[in-house]
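Student: prediction below, plus the sequence it came from.
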Amino acid sequence: MDSKYKLIIDSFGKDRFKFNEPLRDYTALNAGGPVSLFFIAFTVPELIKIIEMCRQLKLLFFIFGTGSKILISDHGFAGLVIKNRTKNIKTVSVKGKVSKFGIGVEEALIEVDSGVSINKFCEYLDSQGLAATEFKGMPGSIGGNLFLSRFLQSRVKSIKVLDLVSEIEEVSSEALSPKKHIILSAVFRIKAKV
């Protein structure tokens, strides 16, 4: 085993990794050959730690979410593949009015981890009485969609990213770049259901 892989495996535990794992089981098109090492990140701190280690060790790595917008070669990938399954969603603040009928929510700020699927995001919005209809039917995760969807970008207040030197920073959707940033989470402005 490569000594670089061993350092990463020892850091997280051998049970967290799969060796020569075929990616076809993780992509929507059921395509993708074996990867040298496969890891699923469930939290943002885990995601940051493994990315920092890969960068320090100069280890080739690739990150993806739901696998709905990627096509991976059947020849596989000689490096570490990280499946982003970060899952936190929380209401950061609520804006509304108080009237004789009670408190009426007009808009909420919702922070969502990049690995959350659009479907899970919609379920959360529905459960909170917030408008989810415009997001329904979008495949994929928050992170992958933010790079591609102008619609989603227009609903974002801020995006938390890991930059090229592994510093965490907040950027606007206009400043977001797939060449410079790894999305960790985003804060969305969401209206109440009508």
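Tutor: Everything's here; your move.

Student: now Ser117: phi and psi?
Tutor: Ser117 has phi and psi values of phi -70, psi 150 when expressed as degrees, to the nearest 10.

Student: then the one 3 residues further on?
Tutor: Here the main-chain torsion angles of Lys120 (degrees, to the nearest 10) amount to phi -60, psi -40.

Student: enumerate every residue touching it.
Tutor: For Lys120, the contacting residues are Lys87, Ile89, by Cβ atoms under 8 Å, 6 or more residues apart in numbering. Heads up, the C-betas are built off the backbone N, CA and C, glycines and all.

Student: and for Glu170?
Tutor: Applying Cβ under 8 Å, 6+ apart to Glu170 gives the contacts Ser158, Ile159, Lys160, Val161.

Student: state the distance from it to Leu176.
Tutor: Distance of Glu170 to Leu176, computed by Cβ to Cβ, to the nearest Å: 11 Å.

Student: now do the shared contacts for these two.
Tutor: Common neighbours of Glu170 and Leu176 (Cβ under 8 Å, 6+ apart) are Ile159, Val161.

Student: still on that earlier bit, of the contacts of Glu170, which is the nearest to Gly32?
Tutor: Gly32 lies nearest to Val161 out of the contacts of Glu170, by Cβ to Cβ, at 25.7 Å.

Student: residues near the closest one, how many?
Tutor: Neighbourhood size, Val161 [other Cβ atoms under 10 Å]: 23.

Student: do you know how far it is from Glu106?
Tutor: For Val161, the distance to Glu106 equals 29 Å [Cβ to Cβ].

Student: quickly list the domain ranges of this structure.
Tutor: Domain segmentation of the chain under automatic domain parsing yields 3-84, 89-191.

Student: and these as JSON lines, adding mean pLDDT?
Tutor: Formatted as JSON lines, the domains of the chain follow (pLDDT from 0 to 100):
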{"stretch": "domain 3-84", "mean pLDDT": "91"}
{"stretch": "domain 89-191", "mean pLDDT": "91"}
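
Student: contact partners of the longest helix along the chain?
Tutor: Ranked by residue count and defined by DSSP state H, the top helix of the chain is helix 44-57. Outside helix 44-57, the residues within contact range by Cβ under 8 Å, 6+ apart are 4, 7-8, 11-12, 39, 41, 59-61, 63, 80, 82, 84, 86, 88, 113, 115, 162, 166, 168, 182, 184-185.
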